[in-house]
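>>> Let me see the structure of the following:
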Amino acid sequence: MERKTKKERRRCKKEAEEVGFVDENIQILDIPIHILFDIMLKLPAVSLIRCSSVCYKFKSIIFDPSFQQSYLIKAPLSFVVLSDNLRLTSIDSQFHTLNPNISNHSSSCIAIQPSLDSKPCNPTSSTTSTASTAATPTIHHHHHHHHHQQQSRNNRTNRFVTFHIHRHVDLINSSNGLLCLRASNCRTPSRSLYYICNPLLGEALTVPLAPSPADQNLYFSAFGFDPKKKHFKILQLVFKSDQMVAELYQSDSGSRTWSLIPDAPSTRPMVNSSFDPSLNGALHWLTEDASICSFDLNNNKFKSVPPPSHFDDEYVSRISTISVGVLKGCLCLCYVIEGARLETWVMSKYGEKESWSKAFSIEIKSYCGLSPQDKHRPIGFNTSGEMWVTADSDSRSFTKCLVSFNPETGVFRNIEIGGAASNIQATPQVLSYFSIKKMVNIRHSKLQLQTLRSAKNHALGFDFLLMGNFR
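This next block holds a predicted model:
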């Protein structure tokens, strides 16, 4: 039997306490592997990184391929937020869902300032409301009520990662724990530069230059990863010579060049029409006539997805804002009808027109005190089905905010993101402890992996800051 040191036992006990397992008569290493397997699936990625260095038994579970596959399926979603001050922050979207008894004196989520000595934001800027009640104040992660101090210490799990980026980038989307960013190339402004990142590990993979720039002619771009084949693809839809052109990069092609894909949909994609595009091995977006299009990552074919049966021309003409995404593993549509109500429809059986059904609707006039003329764009749904949206701030002029909505309780929350921002980009992501070099066949792809350090100046220009007090 493996010999356990005092240090190992202490660390094992600490990890066990964090998932609610405390029994002084049983050592955690005595627990059967299949039970440890289930326990560890509930841990955040940062805790798994720590567990892997505790003992061989933990490490063998964490890096077992079946565990890694299960973790990506069951792990809670975070939301990666990129603000105009070039700070990228991953927010634990499950914080207030997992802690429903937290009072108005505690945070609905956690966001971290860019440095250790940053000042907390004004507590009165966060609000919680429902359709039938007035907004009530909440505050961020500094807790003041002594009744909640112990609970705050336990709940303040610090599931976040934040770092600065020294150049302007656009947040594209996430797939299987990897994040895709796009920047303008300084040396060749006429071509876009993409990066595939694991921000938790400080890794970045530079993709060969795209053929077209990120200008007004670039209507859609998305990233998808296939864990079975260990390769990823990036799709760009660009308007050139009076037609839509599809440009594709494939990491498994063995080439450092992009290729043109024939038979691209002729109708232009709707701008910002996809908030979580990757599902069922395909990328999804909407065209200007509200048709749902998909790109199969396996065979590089374009397909159409049937919309809800009530989507005739007359109904679509009454829709002001529409986007496609993913809700609890199903394709969904979110749209504003007649400027007054946001509806969410879900396709429970992928590809079957009859399986569309309404998930919920929201009267915009009761939307956290925001007026109907405010622009609302969903950025995604967390694991429990709460919808997160960006909106114009009701407390600061010319600034954006994040709002979450719980369809079951009807509760809205204004999410504090660590300061005012005139522009916000955000996308759902599963924080991953898997190294890119284990996920992608880098040698075959002729790609170069960087491990980002704050003391070095890399092409992407990260100042990576991984706070040391993760749970």
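
>>> C-alpha from now on. contacts and neighbour counts both.
OK.

>>> can you list the domain ranges for the protein.
The chain breaks down into these domains under automatic domain parsing: 1-75, 167-279+441-471.

>>> what would those domains look like in TSV with mean neighbour count, mean pLDDT and distance to Gly329?
Below are those laid out as TSV (neighbours: other Cα atoms under 10 Å; pLDDT from 0 to 100; distance: least, Cα to Cα, whole Å):
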stretch	mean neighbour count	mean pLDDT	distance to Gly329
domain 1-75	15	77	10
domain 167-279+441-471	18	79	8
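
>>> Which of those domains sits closest to Ser320?
domain 167-279+441-471 (11.9 Å; Cα to Cα).

>>> Next, format the domains of the chain as JSON lines and append distance to Ser404.
Listed next are the domains of the chain as JSON lines, based on distance: least, Cα to Cα, whole Å:
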{"stretch": "domain 1-75", "distance to Ser404": "20"}
{"stretch": "domain 167-279+441-471", "distance to Ser404": "15"}
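
>>> And those: which comes nearest Leu88?
Smallest distance to Leu88 across those (Cα to Cα): 9.1 Å, for domain 167-279+441-471.

>>> which other residues reach stretch 431-449?
Identification of contacts with stretch 431-449 by Cα atoms under 8 Å, 6 or more residues apart in numbering yields 44-46, 48-49, 72, 77-78, 176-178, 197-198, 200-201, 203-207, 227, 230-232, 251-256.

>>> For this structure, which segments count as helices?
Along the chain, the segments classed as helices by DSSP state H run 6-18, 33-40, 45-51, 56-62, 65-74, 95-98, 149-155, 313-316, 436-439, 442-445.

>>> give me the low-pLDDT residue ranges for the stretch 301-450 of the chain?
Applying pLDDT under 70 to the stretch 301-450 of the chain flags residues 365-376, 392-398, 418-420, 443-446.

>>> in it, which spans are strands?
Applying DSSP state E, counting those that start in this stretch to the stretch 301-450 of the chain gives strands spanning 301-305, 319-327, 330-337, 341-347, 356-363, 377-381, 387-392, 400-406, 411-415, 424-429, 448-451.

>>> how about those in TSV, adding distance to Leu171?
Output for these, formatted as TSV (distance: least, Cα to Cα, whole Å):
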stretch	distance to Leu171
strand 301-305	24
strand 319-327	16
strand 330-337	20
strand 341-347	24
strand 356-363	27
strand 377-381	12
strand 387-392	14
strand 400-406	16
strand 411-415	19
strand 424-429	6
strand 448-451	19
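
>>> Can you check which of the ones you listed gets nearest to Ile33?
Nearest to Ile33, of those and by Cα to Cα, is strand 424-429 at 28.0 Å.

>>> Strand partners (parallel or antiparallel) of that closest one?
strand 78-83 (antiparallel) (DSSP bridges).

>>> Show me the contact partners of the strand it pairs with.
Residues contacting strand 78-83 (Cα under 8 Å, 6+ apart): 88-94, 171, 382, 417, 421-431.

>>> CA atoms only: put that strand into PDB for me.
What follows is strand 78-83, C-alpha atoms only, in PDB (Å, rounded to 0.1, in the frame of the first residue of the first chain):
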ATOM      1  CA  SER A  78     -17.300  30.000 -16.200                       C
ATOM      2  CA  PHE A  79     -17.600  33.200 -18.200                       C
ATOM      3  CA  VAL A  80     -14.600  34.800 -19.700                       C
ATOM      4  CA  VAL A  81     -14.900  38.600 -19.800                       C
ATOM      5  CA  LEU A  82     -12.700  40.900 -21.900                       C
ATOM      6  CA  SER A  83     -13.100  44.600 -21.100                       C
END
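
>>> Between strand 400-406 and that strand, find me the angle.
Put simply, strand 78-83 runs at 160 degrees to strand 400-406, going by axes from the mean of the first three to the mean of the last three Cα atoms, to 10 degrees.

>>> now strand 78-83: mean pLDDT?
In this model, strand 78-83 carries a mean pLDDT of 83.

>>> Pull out the buried residues from that strand.
By 16 or more other Cα atoms under 10 Å, the buried positions in strand 78-83 come out as Ser78, Phe79, Val80, Val81, Leu82, Ser83.

>>> need these in TSV with distance to Lys437, can you?
Formatted as TSV, these follow (distance: Cα to Cα, whole Å):
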residue	distance to Lys437
Ser78	22
Phe79	24
Val80	22
Val81	25
Leu82	25
Ser83	28
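
>>> Would you check which pair of these lies furthest apart?
Ser78 and Ser83 (15.9 Å).

>>> Could you pull up the contacting residues of the residue nearest to Gly329 when sequence neighbours are not counted?
Leaving aside its chain neighbours, Gly329 sits nearest to Leu279 (7.6 Å; criterion: Cα to Cα, 6 or more residues apart in numbering). By Cα under 8 Å, 6+ apart, the contact list for Leu279 reads Val326, Gly329, Cys330, Leu331.

>>> Neighbours of the third one, how many?
Looking back up the chat, that one is Cys330. By the criterion of other Cα atoms under 10 Å, Cys330 has 15 neighbours.

>>> same question, the first one
Under the neighbour criterion other Cα under 10 Å, Val326 is assigned a count of 24.

>>> So what pairs up with it in the strands?
When assigned by DSSP bridges, Val326 has beta-bridge partners Leu331.

>>> wouldn't it be in contact with Ile379 here?
No - the pair Val326 and Ile379 does not pass the contact test of Cα atoms under 8 Å, sitting 9.9 Å apart.

>>> Report the set of residues contacting both of the two.
Common neighbours of Val326 and Ile379, counting by Cα under 8 Å, 6+ apart, are Asp276.

>>> now Ile49: how far from Phe58?
10 Å (Cα to Cα, to the nearest Å).

>>> OK, contacts around Tyr194?
Residues in contact with Tyr194 (Cα under 8 Å, 6+ apart) are Cys180, Leu181, Arg182, Ala183, Thr206, Val207, Pro208, Leu209, Ala210.

>>> Quick check: the gap between it and Ser251.
12 Å.

>>> Then Lys230?
Distance of Lys230 to Ser251, given as Cα to Cα: 9 Å.

>>> And Leu181, by the same measure?
According to Cα to Cα, Leu181 stands 16 Å off from Ser251.

>>> Next: Ser435.
Relative to Ser251, Ser435 is positioned 16 Å away (Cα to Cα).

>>> Could you do Thr390 as well?
Using Cα to Cα, we find Thr390 at a distance of 32 Å from Ser251.

>>> again with Leu218
Counting by Cα to Cα, the separation of Leu218 from Ser251 is 21 Å.

>>> How about Pro227?
Separation of Pro227 from Ser251 (Cα to Cα): 12 Å.

>>> Then Phe275?
Relative to Ser251, and taking Cα to Cα, Phe275 is found at 23 Å.
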